[in-house]
Every structure is written in C-alpha cells, then in structure tokens.
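build me a structure from this.
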Amino acid sequence: MSGGPANDSLNSNKNNKAAVVKKGTYDQYRIITLQRDTTYVDTSLTIKKEYEYNYLRKDIFGLLPFANEGHTYAVLDFGLKDFNSFPEIGFSGKQFNYLGVKDIKYYSVATPVTELYFKTVMEQGQSVDAFITVNTSERFNMSVAFKGLRSLGKYINQLSSTGNFRFTSSYNTLNKRYYLNFHFTGQDFLNGENGGITTIEDFESEDGAFTNRARLEVYLRDAKSFMKGKRTFFDHNFRINGKEGDNNLYITHQFNYENKFFEYNQKTVLSSVGGTALKRFGDSYVASNINDHTRYNRMYNKVGAIYENSLLGKFQFFVEDFRFNYYYDKILILDSGTIPSALSNEISTVGGQYDYRKNKWNGTFTYSNSITKQPMSNFDAKLNYKLNDKNEFVFRYQMVNKIPDHIYNLYQSSYVGYNWYNDFKNEKINNIEATAKTQWLDASLQISSIKDHLYFSNDATDERQQIISPKQYDKAINYVSVKVSREFKWWKLALDNTVLYQQVDQEEDVLNVPKITTRNSLYFTNYYFKKALYLQTGFTLNYFTKYYINDYNPVTTEAFVQSQRKVGDFPMIDFFVNARIRQTRIFFKLEHFNSKMTGNDFYTAPNYPYRDFMIRFGLVWNFFQ
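Now for the predicted structure:
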C-alpha cells in the first residue's frame, strides 16, 4: 500500500548530527479482520479516501444521509443489506453507526500508531475519532479508540450526540499454538427527533424568510431517541498438535455477550401544524411525557473443532448456542389482546465449514441448521478466483431462513397504535452475487429472491399522521442489481464513475428502490513544493432517480413504506480540495454547493429535506512513533 510508514523519511537529531531512524516496512503495520483478512495502514490520498471521509468512516455510496450529521440514513442500495439468520433487536435507524462484531479490527504494528480524525459539523459541535494501537511485544497488541460527535443541526430539535468506545487486544503464544482476539465496545446515540417539517411548501418556496431553517415548523419540538449498548467479545483457538505440520487439529471458541437499551421520549404529545393541534402518532395513554423503554441482551457461544490438511484445506464442525431476552416492564391487557412483556428464547444450531486455499482459488462454504424448536438455517458459499494482481473474480450464493427481528414481533409504547404482538414466519432469502475486479473495470451482479418479507407501513388515514405497524408479504419479491465502476485517467485528470441499476419484481410495492444511482467524480491531482505536498481537487456528482422512498418514524427509528410522494431526481454536487503532507491528509469541501441554483426540491424522506450548501473541512493525521 502506498503512503505507509515506509514511504516517509523519519529522522531524528542527536548531537547535532542527522541519523536515520529505521522504521518497519508497511507490511509490519497490519489491520486484521475477524476472518483473518489482512490489510495495511495506509496514509495515501486517493479518491477512495475522499469517499471514506465521513461520519461512518467508509464509502457510503448507496446511503443518503439525513440533514444532520449523526442521524439516520435513507437506503438507496438494497444490496447493502446483510442477511443474518439470527434475530436482531431492530430499531434499524440506530444501527448505521453501531459497530458490530464484524466491524471491529485487530492490529499488529512494528511501532505505536496513532490516528486522529476531525471534521466540522453543521452547527455547534465537531466530529472526532481518535485511535492508538501498540504492540508491547511481537505477540501482544492493544488498541484504544473513541469516536465522538456533537452537532446541533440547522433545524429545530435536531441535535446529534454520539459516542463509540472500543478496546481491542490480540495475543498468541510463543509456539503459536494459541491465538486470542478480544474486544469491548461501549456505544451510545442520542438524537433529537423533530418528525420532519410540517409544510413543505414553505421549504420549496425559496422564501428568504426560511433561509434560516430554524424558522420552518416541525412536528416535534421536544422528542428524542436514545440507544446505548455494550459488548464483550472474544474469539480464540488452540492447536492440539505440538508442532504445525501438514495435518493440524484445532479447538475453537467464540463468545459474545451484548446488551442494548432503547428509549423514546416526547414531553409534548400534541403537535402544532399551522396553529392546529395534531396527534402525529395517534392516540396515547398519557397526555404528556411519553417515555418508552425497550431492553435487550444476548449471549452467543460457538464451539468447534477444525481439521486442517495442507492439501485438502480446513474442515470445521461447530455448535452454536444463542440466547436472548427482549423485554419491557409490564404486560398489557388490551381490547385487541394481551401484549406480553418479553420475548425470550434459546436457539442451538449445528453446522460445518470448509475452507479451501490453493493457488489462485480461495473458497469458504458454511452450513448451519437449528436443532431446537425455532426453525433457522443458513447456507453460505463463497468462491474467489484471483487470476493475477489486477484481475479477481468472486462468486457467492446464500440461502437463509431468517428469524424475524424482535421489533416486528413485539413492541410496547404509550401510543395506542404502537403496541403489537406477532408470530411472524421466518423470512426466506436466496441470494446470488458475482463480482469482477479487473484492470478495466469493477462490476457486480446481485440476484435475490425473498419470501415472507417483513416491513413497516402506515395505517393512518390522515396523511399528516404516522401510525405504523409491521407487515409480512407472503408473495415472492425478486430483486436484481448491476453495479459498474470505472476510473478514466488522462494526464493529471481523472474521472471516477460508479453506476448502480436496480429492478424489483413484485405484485405490491413493498420493496422500493431507485432504478439508477450514480456517483461521478472529475478531479485533478499534482505534486507541489518538491513533492512535499500532494493536491487533489475536483467535483463529485451524486444522483438517483425518483421513486417512493421510505419514510422515517421517530418512535421506532424504523423506515416504513409509503406511496404518497416520490423523492429523487435532484443532483448533489460537491467541490473538494484535499491535500497530503507526509502522513497528514487535509480535507476541504463545499457540500451540495448547487442547492441554491437547482431549487429546494431535495429530500431524504417525504418531510425531511436533504442538506443545504455548507462548507466543511477537517483532517486525518497518522503518527508512527
């Protein structure tokens, strides 16, 4: 990887004489995933670094952020959805920045490494991410990181205040028979929930009186949602035979204990729309101070044995034990039926996995099936063929029998219409993916067939109200997408293009996506000051075609299907100037600078405007001690 520590001249002075301090090569600064995939610390400045310079610290093509940093996202690319057969808590609007087990990275570094991320926000706050990792010995690594955000936002009651703490450690014995990865995370997300603007005509009128967005009337002035979670995780394995050979036998164990807490507060129940009172979420059992709490904990254990043969590959057999409690503090006895206080279950599965790595082929095939009362299964086959360093092909097939997320089956609220208890069927998903990364272009194809799809929709007859409830679609949904990426370079100019095409075949509109989503960046790069400064500047256009985008519900932080208003067909153009000086990357951007030229018709949901033009800047700074 270019731009790493080996590419920087690191000098120290001693007795007024310059002496070169020998540093490790780039491949001694490793970033390792749970699946043992390895990359390296990279301080280069590329167009991909521009795409990853955001709150989530990753490329968000296919996601459309809400107006304030740290709030939720509209999903434009259904292919981003991860199919997991085990149930999750739900509250999907809070999960975009929630770091899961697969999001945590482990490290091995020759010298201590620090990374500091900073970016300005919309108003009154900042976004920071500080990270340090060190190896106390070649066999033991620790890392500590914290990402924090505070942003008041431009609209009434739009505050975001979030924090992600993570600690990791990795260890192996001197004879390399035992390996351990451990991490702990503590995360919390607080958002003001204003319910969107009440009168889109005021926003679209371009009246100068509403240039100050705080003058636009919103549905909720004192509502907020809050989620926090803690997780303790470790994954370790032990080789039974004393010396590694052509045949090896391992015992493996993975443990995950996690608890989450979700709270929705709303002091004033009645909303005001043009001076008229409105029950935005329908009738409530209390006249004020809505205070809904949902609690959840889970414990996961996976024990397995691996037989490894240098010629045949790895054969693994495992047993999984998954236990959860999803609960409230009371039982509700209503005219429509009884709403229990909890969902609790224990799910056990048995399964196997085969890993093959030989020459240009790399494959992983996994199957697991429940042996307890609740049916569940997962088959995942992934095959990788690497022709050479510039051409690689990946094929994947998944067949998932997924248990519904808990929020679909049980929810309690002080709002009358937000209490339900269901026993939905499992979702059945068949998914095929083919990806080609070549020297000419990158392309991917995804074909999915979904049965018993779960979703939310609005039951209110008044279009100003949201009374959503979960539904299950018992017919088949067929989804196909094609994504193509290609960068053209000439002289010091480059044009980077990504185009996504999506199509859904269904009898009713329950899974809605834009047909075309594009991102195009035209930029210039050059070195200055005897190559001490590397400059990158240009324009990025994001665009998606109009469609019935999902709306957003603050009470559950879930997206729900709507068919009243199409959103899209507006260009979002950013101008950026980025620079790299040694291990420091500086970013400056005019976000959505065309907003005043193209009119106020930009939204992320029917009543939630997209971001206005604003100037943002920041940096990513790496230290190699």
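
for the rest of this, base every contact and every neighbour count on C-alpha atoms.
Fine.

what's next to stretch 443-454, contact-wise?
79, 404, 408, 425-437, 470-485 (CA atoms under 8 Å, 6 or more residues apart in numbering).

just the mean pLDDT for it, thanks.
Over the span of stretch 443-454, the pLDDT mean works out to 97.

on that earlier part again, from the contacts of stretch 443-454, which would you call buried?
The neighbour-count test (16 or more other CA atoms under 10 Å) marks 79, 404, 408, 425-437, 470-473, 476-485 as buried among the contacts of stretch 443-454.

give me the subset of those residues lying in helices.
When the buried ones among the contacts of stretch 443-454 are checked against helices (DSSP state H), the matches are Tyr408.

quick check: closest non-adjacent residue to the spatially most central residue of the chain.
Of all residues in the chain, the one closest to the mean position by CA atoms, centre = their mean is Phe96, 4.0 Å from it. Counting by CA to CA, 6 or more residues apart in numbering, Thr72 is the residue found nearest to Phe96 once chain neighbours are left out, at 7.0 Å.

per-residue pLDDT, that neighbour?
96.

burial count for it?
A count of nearby residues for Thr72, using other CA atoms under 10 Å, gives 24.

quick one: residues contacting Trp506.
I think there's a mix-up here, since residue 506 is Gln and not Trp. By CA under 8 Å, 6+ apart, Gln506 lies in contact with 475-478.

among those, which are located in strands?
477-478 (DSSP state E).

and which of the contacts of Gln506 is nearest Thr525?
Asn478 (42.6 Å; CA to CA).

which strand or helix spans the nearest residue to the closest one once chain neighbours are set aside?
Closest residue to Asn478 apart from its sequence neighbours, by CA to CA, 6+ apart: Ser449 at 4.6 Å. Using DSSP states H and E, Ser449 sits within strand 442-451.

give me the sheet partners of that strand and which way each runs.
Applying DSSP bridges, strand 442-451 is found paired with strand 427-437 (antiparallel), strand 477-490 (antiparallel).

after it comes which helix or strand?
With elements assigned by DSSP H and E, the helix or strand that comes after strand 442-451 is strand 453-458.

and the angle from that following strand to strand 477-490?
90 degrees (axes from the mean of the first three to the mean of the last three CA atoms, to 10 degrees).

start at 16 instead
Happy to do that; since the first residue is 16 now, the last one works out to strand 468-473.

which SS state does Ala224 fall under?
helix (DSSP: H, G, I helix; E, B strand; the rest coil).

number of nearby residues for it?
Ala224, neighbours per other CA under 10 Å, totals 12.

OK, contacts around the nearest residue to it once chain neighbours are set aside?
Among residues not flanking Ala224 along the chain, Arg230 sits closest, at 7.7 Å (CA to CA, 6+ apart). Neighbouring residues of Arg230 by CA under 8 Å, 6+ apart: 170-171, 224.

closest to Glu259 among those residues?
Closest to Glu259, out of all of the contacts of Arg230 and judged by CA to CA, is Tyr170, at 61.4 Å.

you'd agree the closest one is up against Ala229?
Yes: under the criterion of CA atoms under 8 Å, Tyr170 makes contact with Ala229 at 4.6 Å.

between the two, which has more neighbouring residues?
A side-by-side neighbour count of Tyr170 and Ala229, using other CA under 10 Å, places Tyr170 first with 20 against 14.

for my notes, confirm that one occurs in a helix.
No: under three-state DSSP, Tyr170 falls outside any helix and is assigned coil.

next one: it, what pLDDT does it get?
96.

and it, what does it touch?
228-231.

turn the residues you listed into a markdown table, columns for secondary structure and pLDDT.
Conversion of the contacts of Tyr170 to a markdown table gives the following (DSSP: H, G, I helix; E, B strand; the rest coil; pLDDT from 0 to 100):
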| residue | secondary structure | pLDDT |
| --- | --- | --- |
| Arg228 | helix | 93 |
| Ala229 | helix | 92 |
| Arg230 | helix | 93 |
| Leu231 | coil | 94 |
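
redo these as TSV? Include distance to Asn434.
Listed next are the contacts of Tyr170 as TSV, based on distance: CA to CA, whole Å:
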residue	distance to Asn434
Arg228	34
Ala229	33
Arg230	34
Leu231	31
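
against Thr353, how distant is the nearest residue to Ile354 once chain neighbours are set aside?
Once flanking residues are discounted, Ile354 sits nearest to Leu347: 4.9 Å by CA to CA, 6+ apart. According to CA to CA, to the nearest Å, Leu347 stands 6 Å off from Thr353.

ok, which stretches of the stretch 516-640 of the chain are helices?
Counting by DSSP state H, counting those that start in this stretch, one finds helices in the stretch 516-640 of the chain at the ranges 610-613.

what separation is there between Glu67 and Asn557?
Taken as CA to CA, the span from Glu67 to Asn557 is 15 Å.

so for the two, which sits in the more crowded spot?
Asn557 (19 against 14).

not counting its neighbours along the chain, what's nearest that one?
Closest to Asn557 by CA to CA, 6+ apart is Arg534, at 4.6 Å.

okay, and the beta partners of the one you found?
Per DSSP bridges, the residues bridged to Arg534 are Thr513, Asn557.

where does this structure have low pLDDT?
The chain contains residues with pLDDT under 70 at 16-38.

if we use 50, what do you get?
By pLDDT under 50, the low-scoring segments of the chain are 16-36.

the residue nearest to Asn493 bridge partners, please.
Asn445, Asn493.

mind listing the strands for the stretch 466-615 of the chain?
For the stretch 466-615 of the chain, the strands defined by DSSP state E, counting those that start in this stretch occupy 468-473, 483-488, 492-505, 508-520, 531-543, 548-559, 566-568, 573-575, 587-596, 599-606.

ok, now the stretch 216-365 of the chain?
If DSSP E, counting those that start in this stretch is used as the criterion, the strands of the stretch 216-365 of the chain fall at 238-254, 262-283, 286-288, 291-293, 303-324, 328-342, 347-349, 352-354, 357-373.

and the fifth one, which strands flank it?
Using DSSP bridges, the strands paired with strand 303-324 in its sheet are strand 262-283 (antiparallel), strand 328-342 (antiparallel).

a markdown table for those, including mean neighbour count and distance to Tyr543?
Below are the strands paired with strand 303-324 laid out as a markdown table (neighbours: other CA atoms under 10 Å; distance: least, CA to CA, whole Å):
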| stretch | mean neighbour count | distance to Tyr543 |
| --- | --- | --- |
| strand 262-283 | 18 | 50 |
| strand 328-342 | 19 | 50 |
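
select, out of these, the one closest to Thr387.
For the strands paired with strand 303-324, the distance to Thr387 is smallest for strand 328-342, at 10.1 Å, taking CA to CA.

my read: Phe249 touches Phe197, true?
Yes: between Phe249 and Phe197 there is a contact at 4.2 Å, judged by CA under 8 Å.

dump the residue contacts of the closest residue to Lys530 other than its chain neighbours.
Of all residues beyond its chain neighbours, the one nearest Lys530 is Gln517 (4.8 Å), with distances taken as CA to CA, 6+ apart. By CA under 8 Å, 6+ apart, Gln517 lies in contact with 494-497, 528-531.

of those residues, which is the nearest to Val409?
Out of the contacts of Gln517, the member with the shortest distance to Val409 (by CA to CA) is Val497, at 14.6 Å.
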